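# Got a sequence here, can you model it:
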Amino acid sequence: MNKTILDRREIRAARTAKPEHNPWQPIGQDWEIERGVHSALRETLTVYLTGAECPFTCLFCDLWQHTLPRKTPVGALPKQLAIALENAATIPENAAIKLYNASNFFDPHAVPIEDFDKLANLCDEFVRITVESHPKFLGERCEAFHEMLFGRLEVALGLETIHPAVFPRLKDGMTLSDFDCGVEWAKSRGIGVRAFVLVGLPWVPAVEFPTWAARSTARAFEAGADRVSLIPLRTDDGILRTMREKNKIEPVTLGHLEDALAASFEVIKSETSGIVEADMWDVEALIVCQHCAADRIERLKHANQKQYLESEVPCHCTTT
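Purely as a prediction, here's the structure:
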């Protein structure tokens, strides 16, 4: 645990057992309202799909818990998406959809190319389709899927952080140059780019969480990203859990996420365009004070839509 860079085998060995998932059932879906780059608010459906695990074994990632230990079966993802759309019922006009498979959408082991056409057809009612991918998986498969879509494709790329002491330790198989090239490649083909940036970093004091989130957000926009999603670091499994238990990582709270969002809003004041939003998935895990939590979560949701934070929620709590 004291080594500068951990081996992927060590990262995997520290994990608990992977839950079993049915490859023919989606994990779930959520509706949210997202602000578009051109200010319009848009109903957005996020579908959590089950497929093969990402091969990169990133230190900070817990998404492996929602993946399969084998290649995704052909036909499984269209079936999952069809079920999710049926559960979602009526699709609003000009809605968007995010297909998050806890891996790389353009990894042939995760999303069989035989399923592209069916997945694209199922997304015909959506004006924007977001998928997640490592920059190294962008290429012919991405172009092929883009050409099948009625709506606009957006790829979500994990920048995570530009902290010079943390970035090389994350084991995500990516350099900053890879990220830049991925953004440039996508934008040159009319594909939108969303960047993921972490709030909360191993080996970094909590007081610096907002600063590095904002610096990484600025870097993403400099590369050409259209929007940045701020993702609170989750430390509930594996080596990160061990580090947290040994007080080597301070857990991220609502206060940290609020401060990171506020600092990142300062970044976009100097940008001609760009959206920053706090990722609200499992945000309840960040709660410290129950008295103000519900109002503060609503404040974050409003901030995502309005692109500014309203007045602080009054509370007697002294923690974040």
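# Please point out which parts of stretch 186-193 sit buried.
Ala186, Lys187, Ile191, Gly192, Val193 (16 or more other C-beta atoms under 10 Å). For the C-beta atoms, the positions are set from N, CA and C on the backbone; glycine is no exception.
# Contacts for stretch 82-98 next, please.
Stretch 82-98 is contacted from outside by 25-26, 28-29, 31, 34, 40, 42-47, 122-123, 125-131, 151, 156, using C-beta atoms under 8 Å, 6 or more residues apart in numbering.
# Taking those, please make a PyMOL selection of just the buried ones.
Here is the PyMOL selection string for the buried members of those, based on 16+ other C-beta under 10 Å:
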select buried, resi 26+29+34+42+43+44+45+46+47+122+123+125+126+127+128+129+130+131+151+156
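# Quick one: the buried residues of stretch 186-193 as TSV, columns for secondary structure, distance to Ser216 and pLDDT too.
TSV is the format used below for the buried residues of stretch 186-193 (DSSP: H, G, I helix; E, B strand; the rest coil; distance: C-beta to C-beta, whole Å; pLDDT from 0 to 100):
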residue	secondary structure	distance to Ser216	pLDDT
Ala186	helix	18	97
Lys187	helix	19	96
Ile191	coil	21	97
Gly192	strand	19	96
Val193	strand	14	97
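# Redo the residues you listed as a markdown table? Include distance to Ala294.
Listed next are these as a markdown table, based on distance: C-beta to C-beta, whole Å:
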| residue | distance to Ala294 |
| --- | --- |
| Ala186 | 37 |
| Lys187 | 39 |
| Ile191 | 37 |
| Gly192 | 32 |
| Val193 | 33 |
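# Quick check: of those residues, which lies closest to Thr235?
Within the buried residues of stretch 186-193, the smallest distance to Thr235 is 27.4 Å, found for Val193 (C-beta to C-beta).
# For that closest one, give me its contacts.
Residues in contact with Val193 (C-beta under 8 Å, 6+ apart) are Glu154, Val155, Ala156, Leu157, Gly182, Val183, Ala186, Lys187, Gly224, Ala225, Asp226, Arg227.
# And Leu122, by the same measure?
For Leu122, the contacting residues are Pro78, Leu81, Ala82, Leu85, by C-beta under 8 Å, 6+ apart.
# If we use 6 Å, what do you get?
Residues near Leu122 by C-beta atoms under 6 Å, 6 or more residues apart in numbering: Leu81.
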